[in-house]
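> this one's structure only:
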């Protein structure tokens, strides 16, 4: 789960950067990489980023509000 959380977090950050570039400079990075807004590669990228965001939301809700990126065990006294 930790690897899924980390990969999802990175993908969501990339999606946020893409939105920022589009909002500020009217430049869509995904479209530039895949040569068009509706190309197969761009559609797959958008779907993967959306699934990553959904994963982070669902995981955070079901884990009690804690998003884990490392294995930390609590020591009990």
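Noted; the coordinates are in hand. Quick caveat: nothing in here was measured; it's all calculated off a predicted structure.
> pLDDT value on the spatially closest residue to residue 28 that is not a sequence neighbour, please?
Closest residue in space to residue 28, ignoring its immediate chain neighbours: residue 22 at 5.1 Å, by CB to CB, 6 or more residues apart in numbering. Every residue, glycine included, has its C-beta placed from N, CA and C. Residue 22 carries a pLDDT value of 96.
> contacts for stretch 13-28 next, please.
29, 30, 37, 49, 52, 53 (CB atoms under 8 Å, 6 or more residues apart in numbering).
> quick one, what contacts the most centrally placed residue in the chain?
Centroid check for the chain by CA atoms, centre = their mean gives residue 12 as the closest residue, at 2.2 Å. By CB under 8 Å, 6+ apart, the residues touching residue 12 are 49, 52, 53, 56.
> over to residue 37?
Per CB under 8 Å, 6+ apart, neighbours of residue 37: 28, 31.
> how does it look with 6 Å?
Neighbour list for residue 37: residue 31 [criterion: CB atoms under 6 Å, 6 or more residues apart in numbering].
> assign it to helix, strand or coil.
coil (DSSP: H, G, I helix; E, B strand; the rest coil).
> ok, it to residue 45 distance?
Distance of residue 37 to residue 45, computed by CB to CB, to the nearest Å: 11 Å.
> what would the contacts of stretch 13-28 look like in a markdown table with distance to residue 17 and secondary structure?
Formatted as a markdown table, those follow (distance: CB to CB, whole Å; DSSP: H, G, I helix; E, B strand; the rest coil):
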| residue | distance to residue 17 | secondary structure |
| --- | --- | --- |
| 29 | 7 | helix |
| 30 | 10 | helix |
| 37 | 17 | coil |
| 49 | 11 | helix |
| 52 | 14 | helix |
| 53 | 14 | helix |
